[in-house]
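Enquirer: Have a look; sequence and predicted model below, questions after that.
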Amino acid sequence: MEPTSPARQRLRLVRRIGVGTAYACFLWVALVTGGFLSLELLPGGLVSLDTAQLLGMAVGLPLLISAFGAAALGIMLALAFWRERPLLVNLACVALLVLLFRLEGSGAMSGREAFSGATLCLAVMLAVFVRWVAFSRSGPER
């Protein structure tokens, strides 16, 4: 086995960091979206309206902004590393999530249908991440 050049080793390191960052971005989007979706399952009288508004402004808004940023970065990295097919699956799931929320907001789809579709998208995104961590050679260092 011949030794690899330093440039080739640097390229592998950049690829590993870029792909790992893309998977982490899509995981963050899945976790934040799943957290917001799980709030719909809570009973209505669990917290007062004032507490819910405070939590929404203090916690929810920064999480939502960070999820939008992570989605944008994940999309750019997925397009940059397009040969990594699971990243394209995550990209499609994010696009489908945006479409589902848009259809539900316009009234073309019921909330229950949008919730079911979003839950399926999140399950696929989490399964892709678990597959990358557990089975891929390009997964995180052990």
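Expert: Arrived safely, thanks for sending.
Enquirer: what comes up buried for stretch 122-136?
Expert: Residues Leu122, Val124, Met125, Leu126, Val128, Phe129, Trp132 are the ones in stretch 122-136 that count as buried (16 or more other C-beta atoms under 10 Å). For glycine as for every other residue, the C-beta is placed from the backbone atoms N, C-alpha and C.
Enquirer: tell me the mean pLDDT over stretch 54-65?
Expert: On average, the pLDDT along stretch 54-65 is 86.
Enquirer: who's in contact with the nearest residue to Leu126 once chain neighbours are set aside?
Expert: Nearest non-adjacent residue to Leu126, counting by C-beta to C-beta, 6 or more residues apart in numbering: Ala30, 5.7 Å away. Residues counted as contacts of Ala30 (C-beta atoms under 8 Å, 6 or more residues apart in numbering) are Leu122, Met125, Leu126, Phe129.
Enquirer: Turn these into TSV, including distance to Ser48, pLDDT and secondary structure.
Expert: Below are the contacts of Ala30 laid out as TSV (distance: C-beta to C-beta, whole Å; pLDDT from 0 to 100; DSSP: H, G, I helix; E, B strand; the rest coil):
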residue	distance to Ser48	pLDDT	secondary structure
Leu122	29	94	helix
Met125	33	94	helix
Leu126	32	94	helix
Phe129	36	93	helix
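Enquirer: Out of the helices and strands in this protein, which is least certain?
Expert: Within the chain, no helix or strand scores below helix 49-55, which has a mean of 77 by mean pLDDT, DSSP states H and E.
Enquirer: Please name every helix or strand in contact with whichever helix or strand comes after it.
Expert: Sequence-wise, the next helix or strand downstream of helix 49-55 (DSSP states H and E) is helix 61-80. Under the contact definition 3 or more C-beta pairs under 8 Å, 6 or more residues apart in numbering; DSSP states H and E, helix 61-80 sits against helix 6-39, helix 85-106.
Enquirer: where does the protein have low pLDDT?
Expert: The chain contains residues with pLDDT under 70 at 1-3, 44-47, 137-142.
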